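Novice: turn this into a model:
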Amino acid sequence: MLYQTNAAKESMKVQLRTGAAPVYIESYIYEPGFFRFNWHSSYELLAVLCGAVDIYRDGQVRRLEADDVVVVNPQQGHATISAQPGTRLLLVHLLPESLWPGEEIPRFVCCSTAADRTALPFVQLRYYMASLYTGLSTGDQAGQSAALGAQYCLGSLLLRHFPPQESRKNAAPDPKQIQRLRDIFAYTDEHYTQPIRMEELAARLDLNPAYLSALFHQQLGIPYSEYLARKRLQQAIHLLHNTGLSLTRIAGAVGFPSVRALNVTFQRYFNMTIPAYRQATRAPADGRAKMQYPHYLDRQDPEVGPILQRYLSAFTSP
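Specialist: You can find the predicted model right below:
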């Protein structure tokens, strides 16, 4: 079933879900807010339509410019920050199990540079990303079929041109496991500002601590302690930009036991100290620092339409 989310809320965000197979495809064009740290179970393919954006992954930062493409792997913590006003990004989310059901989840190293952004593999990636987005945007069966085809072409291109660096097993959870994970997320959302020990969490959910730890790591690919640290860091970054709180107050407000713990976690992800980060990324005066979510754009946006058409005409072979 194809559906489009409330236009007043999210503008042109298009998705495809099917009940017969684990297919979930999401794509949208957006103007990034100031800074958002997140992670998810999907692959994220990001193309810069115009402008420039800095992307933080695995303790490194890369400046992406117009026509650059990057792939973010499932559960990879990442953040983007707009480097120019008016930046437009095309995003595609693909579930690993939609591409490789029952198989291991490959992790790709794919990020274009000025030297290779015009190379054929990146031309093809941009073509299929644009094809997927425009297909879903039509809202008809032909568009859905085009999006499904583009999904598999994107997966094939990644495997062919960007050999996986490593993989992890794609183990599908049963309904009981899904509910247990939801219970873990709900409890964490409510209590992340407080100390949480695995033994206490397991006791509250009536589970064995070793089983809970193994389940979480198996399904998300990261230990629970890492998930909790990311949750706290995500909120700390928002407070850094939108309040005048000291680091001591921020660390306490989001559950870090000390400023040192906050600093260590921050530096592990962004490879810089918080003071250096504050100096390098001053919040803009237009209020974007307060935007927790991106601003979605219609494909009829005057900056967007011609660029999508250029992507679609640059590579026309199926």
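
Novice: and the strands in this protein, which stretches?
Specialist: 2-4, 13-18, 23-31, 36-38, 43-50, 52-57, 60-65, 69-72, 78-82, 88-94, 104-107, 166-169, 295-297 (DSSP state E).

Novice: a markdown table for those, including mean neighbour count, distance to His241 and mean pLDDT?
Specialist: In short, each C-beta sits where N, CA and C put it, glycine included. As requested, the strands of the chain are exported to a markdown table (neighbours: other C-beta atoms under 10 Å; distance: least, C-beta to C-beta, whole Å; pLDDT from 0 to 100):
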| stretch | mean neighbour count | distance to His241 | mean pLDDT |
| --- | --- | --- | --- |
| strand 2-4 | 15 | 31 | 31 |
| strand 13-18 | 18 | 24 | 66 |
| strand 23-31 | 22 | 17 | 88 |
| strand 36-38 | 17 | 10 | 75 |
| strand 43-50 | 23 | 22 | 97 |
| strand 52-57 | 19 | 14 | 87 |
| strand 60-65 | 16 | 17 | 89 |
| strand 69-72 | 22 | 22 | 97 |
| strand 78-82 | 21 | 10 | 82 |
| strand 88-94 | 23 | 20 | 96 |
| strand 104-107 | 19 | 30 | 88 |
| strand 166-169 | 13 | 33 | 65 |
| strand 295-297 | 17 | 16 | 79 |
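
Novice: is it possible to get a markdown table of these that adds distance to Arg117?
Specialist: As requested, the strands of the chain are exported to a markdown table (distance: least, C-beta to C-beta, whole Å):
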| stretch | distance to Arg117 |
| --- | --- |
| strand 2-4 | 30 |
| strand 13-18 | 25 |
| strand 23-31 | 19 |
| strand 36-38 | 24 |
| strand 43-50 | 9 |
| strand 52-57 | 13 |
| strand 60-65 | 8 |
| strand 69-72 | 7 |
| strand 78-82 | 18 |
| strand 88-94 | 14 |
| strand 104-107 | 22 |
| strand 166-169 | 25 |
| strand 295-297 | 22 |
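
Novice: buried residues in stretch 123-134?
Specialist: 124-134 (16 or more other C-beta atoms under 10 Å).

Novice: let's see which of the residues you listed end up in helices.
Specialist: 124-134 (DSSP state H).

Novice: longest helix in this structure, by residue count?
Specialist: The chain, longest helix under DSSP H: helix 141-161.

Novice: that one: how far from the chain's middle?
Specialist: 19 Å (C-alpha atoms, centre = their mean, to the nearest Å).

Novice: what angle separates that helix from strand 88-94?
Specialist: Between helix 141-161 and strand 88-94, the angle comes out at 90 degrees (axes from the mean of the first three to the mean of the last three C-alpha atoms, to 10 degrees).

Novice: what's in contact with helix 141-161?
Specialist: 2, 16, 23, 25, 27, 45, 71, 92, 94, 98-100, 106, 108, 110, 121, 124-125, 128-129, 131-132, 134-137 (C-beta atoms under 8 Å, 6 or more residues apart in numbering).

Novice: for that helix, list the C-alpha coordinates in PDB.
Specialist: Taking Å, rounded to 0.1, in the frame of the first residue of the first chain, the C-alpha atoms of helix 141-161 are listed here in PDB:
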ATOM      1  CA  GLN A 141       1.000   1.100  -9.500                       C
ATOM      2  CA  ALA A 142       3.500   1.800 -12.200                       C
ATOM      3  CA  GLY A 143       5.300   4.100  -9.900                       C
ATOM      4  CA  GLN A 144       5.400   1.500  -7.100                       C
ATOM      5  CA  SER A 145       6.800  -1.000  -9.600                       C
ATOM      6  CA  ALA A 146       9.500   1.400 -10.600                       C
ATOM      7  CA  ALA A 147      10.400   2.100  -7.000                       C
ATOM      8  CA  LEU A 148      10.700  -1.700  -6.200                       C
ATOM      9  CA  GLY A 149      12.900  -2.100  -9.300                       C
ATOM     10  CA  ALA A 150      15.000   0.800  -8.300                       C
ATOM     11  CA  GLN A 151      15.500  -0.600  -4.800                       C
ATOM     12  CA  TYR A 152      17.000  -3.800  -6.100                       C
ATOM     13  CA  CYS A 153      19.200  -1.900  -8.600                       C
ATOM     14  CA  LEU A 154      20.500   0.200  -5.800                       C
ATOM     15  CA  GLY A 155      21.400  -2.900  -3.800                       C
ATOM     16  CA  SER A 156      23.000  -4.500  -6.800                       C
ATOM     17  CA  LEU A 157      25.100  -1.400  -7.500                       C
ATOM     18  CA  LEU A 158      26.400  -1.200  -3.900                       C
ATOM     19  CA  LEU A 159      27.400  -4.900  -4.000                       C
ATOM     20  CA  ARG A 160      29.100  -4.600  -7.400                       C
ATOM     21  CA  HIS A 161      31.000  -1.300  -7.000                       C
END
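
Novice: fine, thanks again, bye for now.
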